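Colleague: sequence isn't available, so here's the structure alone:
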């Protein structure tokens, strides 16, 4: 069985997942968010799309059984296991600009956006190509009447897991989140592994 | 005063709006949706972003007083007048793929996506560059608990209007929507005008 790799706090990685293989994201300590991006390996201009996913899944709350779709209306990932059920697909990765906006008295960090951009650069993917991320374990309740949203600490506990199956050959970007609000003010690692023998 | 131009049913247009100028979108007959895209004229890789907008506005319901932001965290449009207050920024423009998915027994249409792509092509903007649109007058209630969304007929009446101020030089794409669900099954025109003497 493949061992888990660790994404250190406030950093990110990118890796390939072939069609039919799975990858797992685990919250080792509990209460941490992991921003996830996916691009088609054969043409990375095809990428994860929150809007197309909301269209086809007819919900903004995605969990086990749901599919994440591309901007070209193709299934990229299927969520095949999910012990949490609370994730966000509305908000964009934290960045220098969001740090300046939301934490004006704290040091500016390149955030998940900068970490994803750096990790994906070797695959020819540039900053402007980064779509909205699927924010694993991120807890963003929405008031259905007013539309107001709020970033709350994740409900994930130590050992909680989400497993995705790649519906085509994919480049995946993944972080251990850098923002204060999304992980309750503590920066923690994220574990992941690709599982090809499923 | 500039006269209104008419966007015929199931079609789209693109036009330039200089920084500081406004443009207005009017529902002439009531109950019609208009998909809106915005790109920075000096570099169209900077475009409207639903995720960045949800981040900074802290709501998924945008109306008078709200700003629509770019993927580079810059304000693109400010909503300065809005007689409806019900619009959608979750869903992507209807396309050949969405027609096949949602209306398998109806003729396939290129939809707002195809109309926007055709109208924006002369500006060097390609299909893969089209982000999620701000869907003017589109009525998509979200259940805050389950996350489920539904496309309902617009609540806009004949003569209802929304006015945007351009916060930088912009290329705007705008449609009269082509999908059955979003306009209650009837295809109607949309009127618009650019107002520079504000």
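Modeller: On my side now, so go ahead. Remember, it's a predicted structure, so these values are computed and weren't measured experimentally.
Colleague: and the helix or strand of chain A with the lowest mean pLDDT, is it in reach of chain B?
Modeller: For chain A, using mean pLDDT, DSSP states H and E, the weakest element among its helices and strands is helix A:96-102, scoring a mean of 93. Yes: Helix A:96-102 comes into contact with chain B (CB under 8 Å from any CB of the partner chain), by way of A:97-98, A:101. C-beta here means a position set from N, CA and C on the backbone, and glycine is covered the same way.
Colleague: got a quick ChimeraX command for the buried subset of the residues you listed?
Modeller: In ChimeraX syntax, the buried subset of these is picked out as below (16 or more other CB atoms under 10 Å in any protein chain shown):
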select /A:97,98
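Colleague: and of the residues of helix A:96-102 next to chain B, the nearest to chain B?
Modeller: Nearest to chain B among these, counting by CB to the nearest CB, is residue A:97 at 3.5 Å.
Colleague: now residue A:87: how far from chain B?
Modeller: Remark: distance between residue A:87 and chain B (CB to the nearest CB, to the nearest Å) = 10 Å.
Colleague: for that residue, which non-adjacent residue is spatially closest?
Modeller: Once flanking residues are discounted, residue A:87 sits nearest to residue A:136: 5.5 Å by CB to CB, 6 or more residues apart in numbering or on different chains.
Colleague: about what we covered before: any chance of the residues of helix A:96-102 next to chain B in CSV, plus distance to residue A:109?
Modeller: Shown next, in CSV, are these (distance: CB to CB, whole Å):
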residue, distance to residue A:109
A:97, 11
A:98, 10
A:101, 13
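Colleague: for the closest residue to residue A:127 other than its chain neighbours, list the residues it contacts.
Modeller: Nearest-residue entry for residue A:127: residue A:117, 4.8 Å, with adjacent residues in sequence omitted and distances by CB to CB, 6+ apart. By CB atoms under 8 Å, 6 or more residues apart in numbering or on different chains, the contact list for residue A:117 reads A:125-127, A:130.
Colleague: same for the least confident helix or strand of chain A, what does it pack against?
Modeller: Counting contacts by 3 or more CB pairs under 8 Å, 6 or more residues apart in numbering or on different chains; DSSP states H and E, helix A:96-102 packs against helix A:111-120.
Colleague: what's the local residue count around residue A:180?
Modeller: Neighbourhood size, residue A:180 [other CB atoms under 10 Å in any protein chain shown]: 17.
Colleague: also residue A:3?
Modeller: 7.
Colleague: quick one, what contacts it?
Modeller: Residue A:3 is in contact with residue A:193, counting by CB under 8 Å, 6+ apart.
Colleague: ranges for the strands of chain A?
Modeller: A:5-7, A:12-17, A:22-27, A:34-40, A:67-69, A:75-82, A:134-136, A:160-166, A:170-175, A:190-195 (DSSP state E).
Colleague: residue A:93 against residue A:35, yeah?
Modeller: Yes: Residue A:93 is within contact range of residue A:35, at 4.8 Å (criterion: CB atoms under 8 Å).
Colleague: so what sits against both of those two?
Modeller: Joint contacts of residue A:93 and residue A:35 (CB under 8 Å, 6+ apart) are A:112, A:116, A:133, A:135, A:175.
Colleague: of those residues - the most surrounded one?
Modeller: Using other CB under 10 Å as the neighbour test, the shared contacts of residue A:93 and residue A:35 are led by residue A:112, with 32 neighbours.
Colleague: counting neighbours, what do you get for the closest residue in space to that residue that isn't next to it in sequence?
Modeller: By the measure of CB to CB, 6+ apart, the closest residue to residue A:112 outside its immediate chain neighbours is residue A:93, 3.7 Å from it. For residue A:93, the neighbour count with other CB under 10 Å is 31.
Colleague: ok, residue A:87 touching residue A:137?
Modeller: Yes: look at residue A:87 against residue A:137 with CB under 8 Å: they come within range, at 6.3 Å.
Colleague: which neighbours do those two share?
Modeller: Jointly contacting residue A:87 and residue A:137 under the rule CB under 8 Å, 6+ apart are residue A:162.
Colleague: for chain A, which residues are neighbours of chain B?
Modeller: So chain A meets chain B at A:45-46, A:49-52, A:54-56, A:58-62, A:71-73, A:90-92, A:95, A:97-98, A:101, A:128, A:130-132, A:141-150 (CB under 8 Å from any CB).
Colleague: want to throw the strands of chain A into CSV with mean pLDDT and distance to residue B:17?
Modeller: Below are those laid out as CSV (pLDDT from 0 to 100; distance: least, CB to CB, whole Å):
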stretch, mean pLDDT, distance to residue B:17
strand A:5-7, 97, 42
strand A:12-17, 98, 37
strand A:22-27, 98, 42
strand A:34-40, 98, 31
strand A:67-69, 98, 31
strand A:75-82, 98, 34
strand A:134-136, 98, 33
strand A:160-166, 98, 41
strand A:170-175, 98, 34
strand A:190-195, 97, 42
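Colleague: for these, which one sits closest to residue B:159?
Modeller: Minimum separation from residue B:159 across the strands of chain A (CB to CB) falls at strand A:67-69, 36.7 Å.
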